[in-house]
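> predicted model and sequence follow; I will ask about them next.
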Amino acid sequence: MFEEMKDGLENAMHTHGVAFASFGVTDARATRMHNHLGNVDDAPLDDDHIFRIASMTKPVVSVAALQLIARGDLALDQPMKDILPTLGETQVVRQQGDGLALEPLEQDITLQHLLTHTSGYAYDFHHALISELVAKGKLSGIASNDESFLNAPLVFQPGEDWEYGIGIDWVGKIIEAVSGVNLNQYVQENILQPLDMRHTSFSIADLDAAALVPLALRGDDGAMSDITELMPTVTDGPYLGGGGLYSNVGDYLKFMRMLLQGGQGPNGQILPDHMVASMFTNQIGDLQVKHMPSFNPMLAEGHGWFPGTSMKWGYGLMLNETDIAGRRSAGSGAWSGLYNTFFFIDRARDIAGVSMTQMLPVYNQAALDVFDTFEQSVFSACS
């Protein structure tokens, strides 16, 4: 399979000056393709290299929350203030004239809200009001070295709308409170180790730190600059459920294969089949996954997935309601990570793919072109 797509991938990478990228494809039975292009520090990229997968952490943590629901330790409609009282004290920020005003919650934040990005929590680099609070020094941004960004207000009342944000970071805190162990320990024991994902952790201390690939910033002119030193590694926490995992393509293939197998791992059931199905089921009703503008051009470019297509959210996954021509089938699950890692899981055609580069801003044209080429090549090869 890789030979069929190699030329196109190399051309896309060369056109945009992308130094390295890793690619993988699996079905429910086994890996169909796993390969790499480019060099890291003059050595070929290989199976042992580690990437920062950022928001591709969210599906893993969503599975962890669903496990606790399956065990009866959590409920989707349960007020989360019962577990974390702070979530009952959160306020909603509104534009009021030339300034901002806060109002109290009109209903409780539930786990359903947090898992589906309908809680009202937002990211400062995607929402104007949260960005304004950060700019005025009234709130820490997502790039802070601690958890102070969790003190953000909501941008609407729970359930009113869909807004991509920090809700899954709160889910991580809920998992810790309910399980009695830190998020890394819970995820290791209940997901990563049973799936033999030995290159994945919230703590770089569990991995070969020397294998972590460098991080680049892509300028408007396409030039790449190394900004690795601006992204300190995490060892002892805090462990962030919304984006804290280190991993690689080989390991993420194992996670996606488990979902294609209805929750079955090589050493037993990770998640009940009906709960896996719920991840691929619209959980936001008439709401839509919408265009995400950028309020921090270093971190993100504005982006919307497949304009004109109805996009929904399940648990941990964005869902397309209709087929995407030349690409994934209706009902497929997918998402991405801040440093331009991407995946899709097409259960209708029993195929899943993941690609990883390592650069900012997310959704820059270079990264999108490489991923688009990859996904189209996968379905061309499968057809």
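That came in fine, so what should we check first?
> CA atoms for contacts and neighbours, from now on please.
OK.
> doesn't D161 belong to a helix?
No - using DSSP: H, G, I helix; E, B strand; the rest coil, the assignment for D161 is coil, not a helix.
> spit out the contact partners of it.
T118, G120, L287 (CA atoms under 8 Å, 6 or more residues apart in numbering).
> tell me the SS of the second one?
Which is G120. Under three-state DSSP, G120 comes out as coil.
> returning to what we had before: would you list the contacts of D161 in CSV and tack on pLDDT, neighbour count and distance to P238?
Below are those laid out as CSV (pLDDT from 0 to 100; neighbours: other CA atoms under 10 Å; distance: CA to CA, whole Å):
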residue, pLDDT, neighbour count, distance to P238
T118, 98, 28, 24
G120, 98, 26, 23
L287, 98, 18, 32
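> will you turn these into a markdown table that also has distance to D206?
Formatted as a markdown table, the contacts of D161 follow (distance: CA to CA, whole Å):
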| residue | distance to D206 |
| --- | --- |
| T118 | 34 |
| G120 | 34 |
| L287 | 40 |
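> tell me which of those is nearest to V276?
Nearest to V276 among the contacts of D161, counting by CA to CA, is T118 at 20.0 Å.
> just confirm that closest one contacts G165, I think it does.
No - if you go by CA atoms under 8 Å, T118 and G165 don't touch, sitting 9.1 Å apart.
> look up how far K81 lies from H199.
35 Å (CA to CA, to the nearest Å).
> may I see the buried residues of the longest helix belonging to the chain?
Secondary structure of the chain per DSSP state H: the longest helix is helix 365-382. When burial is assessed from 16 or more other CA atoms under 10 Å, helix 365-382 yields the following buried residues: 366-378.
> quick one: which two of those residues are the most distant?
A366 and V378 (18.6 Å).
> now the helices for the chain?
Assigned by DSSP H, the helices in the chain fall at 2-16, 57-70, 111-116, 128-135, 167-179, 183-187, 249-260, 273-279, 365-382.
> export those to TSV and tack on distance to A210?
Formatted as TSV, the helices of the chain follow (distance: least, CA to CA, whole Å):
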stretch	distance to A210
helix 2-16	24
helix 57-70	21
helix 111-116	34
helix 128-135	33
helix 167-179	27
helix 183-187	20
helix 249-260	17
helix 273-279	35
helix 365-382	24
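> for these, which one sits closest to A334?
Closest among the helices of the chain, using CA to CA: helix 57-70, at 9.3 Å.
> counting by contacts, list what that closest one packs against.
Judged by 3 or more CA pairs under 8 Å, 6 or more residues apart in numbering; DSSP states H and E, helix 57-70 is in contact with helix 167-179, helix 183-187.
> please name every helix or strand in contact with the longest one.
The reference is to helix 167-179. helix 57-70, helix 111-116, helix 183-187.
> tell me the buried residues in the shortest one?
In other words, helix 183-187. L183, N184, Q185, Y186, V187.
> ok, which of the helices and strands packed on helix 167-179 comes nearest G99?
Among the helices and strands packed on helix 167-179, the nearest to G99 by CA to CA is helix 111-116 (27.2 Å).
> quick one: average pLDDT of the closest one?
Averaged over helix 111-116, pLDDT sits at 98.
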